[in-house]
Structure formats: C-alpha cells, structure tokens
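> Model the structure of this input:
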Amino acid sequence: MKMKVMKVMKVWELLLILSCVSADIIHEDLYITGCSDSDGEDMYALDGEEMWYADFTNKRGVEPLPSFIDSFRYVEGTYEGAVTNQQICKDNLKKRRNAMKDIPPELDPPSSPIIYKRDKVELGVQNTLICHVTGFYPAPVKVYWTKNGENVTEGTSINVPFPNKDGSFRQSSRLEFIPQQGDIYSCTVTHPALTQPLTRIWGEKLFTSQPGVGPAVFCGLGLTVGLLGVAAGTFFLIKGNECS
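Okay, here's the model as predicted:
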C-alpha cells in the first residue's frame, strides 16, 4: 500500500491516519484527506462506515448515516478546516510533483459495477438505486446514470472514495427514482485504467394484482381434488366386486 501512495503523488496527494482503541472492543478510526489538480477529499470514518465528508462542490459537510442512527455530530468549523487542508494539500502536491519528476501512477481498473435497489419496488413509490464499484486505483471513478437511454443527473449523488484493505478503493453512487412499468435504468463507470466504460443495466417487470384470480385458483384446486376422490372411490369399488 505504501508503494501505491508514493506512485500516485503525480495526480493525488493522499494522507491516511489510522488509529485503533484497544479494550474489550476494538474500533478502527479512519481519516482521509487528499487532493488532485481538479478534485479533493476530506473524510472521517469509524469501523468501515463514513461518518462525515466534505462536499467541496456544494461547499458543506455531509453526515451520510441515516437519521435514525444515534450518531454524534461534528463540531462547527469542520468543513472550514477541510478547505484549509485542501490548500495545504495542493501546495504539497506541487512540491512532490516537481521532486518526483511526474512518475506515472499505477493504475488498477474497477470491477464490474453492481446495481441494486434500496427497498422493495412498488409502482409510484420513491426508491433508490445504488451503483457500487470497487477494486480501482487511484480514486475516484465517475458514474453516469441513464433512464430509458436518456442521461439523468437530477436525484443523483456519489459518496467519497473509501479505501479497501488491499490499497484499492470502493465507491457508490445513488439515484432517487419513482418506479414505473417498463422503465430501464443503467449506471456507467469510467476510470483512467479502463479502455472503455463499464455499464450495468437494471430493469424490473412490475405486476399489479388481478382481482378474482385467487378464488378461481382455489375453486379449480377444489374441483381437481374432488375428481381425484371420485376416481379413487370408483377404483376401489371395482376391485371389491372382482374379489367377491
């Protein structure tokens, strides 16, 4: 992992801080700050879950865990601190690029994306599609969504890259949508290590219940059982007559 961090300095200045508290229960606390010529990251995590990250596009801090989880809140000024870290990071990146003479970074392509729904699908009820990709290096990837072949940007979001234990990264993009019969969605992933984008398609046939089908089925089943009973009775009656 150390070798990968050194090689990526051409485009990405990255700092990882790991600390483990040893007691009856062991927790892993993770802090990541990094930058490139066009992007940046500042993120806190605990036990593999993102607790807070800086959204430099919308200029705010984000706590991605659901509201029903009893989690602590980060103090005011955390985002402003992340902005300061980005300025320091970009200065360091410039110095390291000059010192390392722009050594080409190692590239690992992402795996084929996995796309799945957050909740059980119901027609007309808002849901979320999640497109997950992992195994890539360096970070980040770019994810694009389509609905019935048309590009979709509204209702989309993507989390910050999260490190895997092997030094690669994983990332998830989300699309808020309202399921309708026949709609087809896709997520497409691009990365410098890919010669062509990776695309995964999601579509689900949705059926509404049809009144009267249940009683008809039970009626048909009852008729079948009745006929079988008559046939069995006739068989034993014939066998009895033959024996007498």
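> quick one: the helices in this structure?
All helices of the chain, identified by DSSP state H, fall at 2-7, 78-100, 213-243.
> So what's the residue count around residue 81?
15 (other C-beta atoms under 10 Å). Using the backbone N, CA and C atoms, a C-beta is placed for each residue, glycine as well.
> same question, residue 76
8.
> How about residue 147?
Neighbour tally, residue 147, other C-beta under 10 Å: 15.
> That one reaches residue 180, doesn't it?
No - applying C-beta atoms under 8 Å, one finds residue 147 not in contact with residue 180, separated by 9.6 Å.
> any idea how far residue 155 is from the nearest residue in space to residue 128 that is not next to it in sequence?
Distance criterion C-beta to C-beta, 6 or more residues apart in numbering; nearest residue to residue 128, sequence neighbours excluded, is residue 118 at 4.0 Å. To residue 155, residue 118 is 13 Å away according to C-beta to C-beta, to the nearest Å.
> any shared contact partners between those two?
Residues touching both residue 118 and residue 155 (C-beta atoms under 8 Å, 6 or more residues apart in numbering): none.
> Those two: which is more packed in?
Just comparing residue 118 and residue 155: by other C-beta under 10 Å the higher neighbour count belongs to residue 155, 14 against 11.
> Quick check: chain neighbours aside, which residue is closest to that one?
Nearest non-adjacent residue to residue 155 (C-beta to C-beta, 6+ apart): residue 176, at 3.7 Å.
> Quick check: the one you found touching residue 153?
No - counting by C-beta under 8 Å, residue 176 stays clear of residue 153, with 11.6 Å between them.
> Who has more neighbours out of those two?
Neighbours per residue, other C-beta under 10 Å: of residue 176 and residue 153, the larger number sits with residue 176, 14 against 8.
> picking up where we left off before, any idea how far the residue nearest to residue 155 is from residue 152?
As for residue 176, its distance to residue 152 is 10 Å (criterion: C-beta to C-beta).
> same deal with residue 168?
28 Å.
> which stretches of this structure form strands?
Secondary structure of the chain (DSSP state E): strands located at 13-21, 27-35, 40-46, 49-55, 60-62, 114-117, 127-136, 142-147, 150-152, 156-158, 162-163, 169-177, 184-190, 198-203.
> export these to a markdown table and tack on mean pLDDT and distance to residue 80?
Converted to a markdown table, the strands of the chain look like this (pLDDT from 0 to 100; distance: least, C-beta to C-beta, whole Å):
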| stretch | mean pLDDT | distance to residue 80 |
| --- | --- | --- |
| strand 13-21 | 48 | 18 |
| strand 27-35 | 82 | 14 |
| strand 40-46 | 86 | 11 |
| strand 49-55 | 85 | 10 |
| strand 60-62 | 87 | 9 |
| strand 114-117 | 92 | 36 |
| strand 127-136 | 95 | 30 |
| strand 142-147 | 96 | 27 |
| strand 150-152 | 95 | 33 |
| strand 156-158 | 92 | 22 |
| strand 162-163 | 88 | 23 |
| strand 169-177 | 94 | 25 |
| strand 184-190 | 96 | 32 |
| strand 198-203 | 93 | 37 |
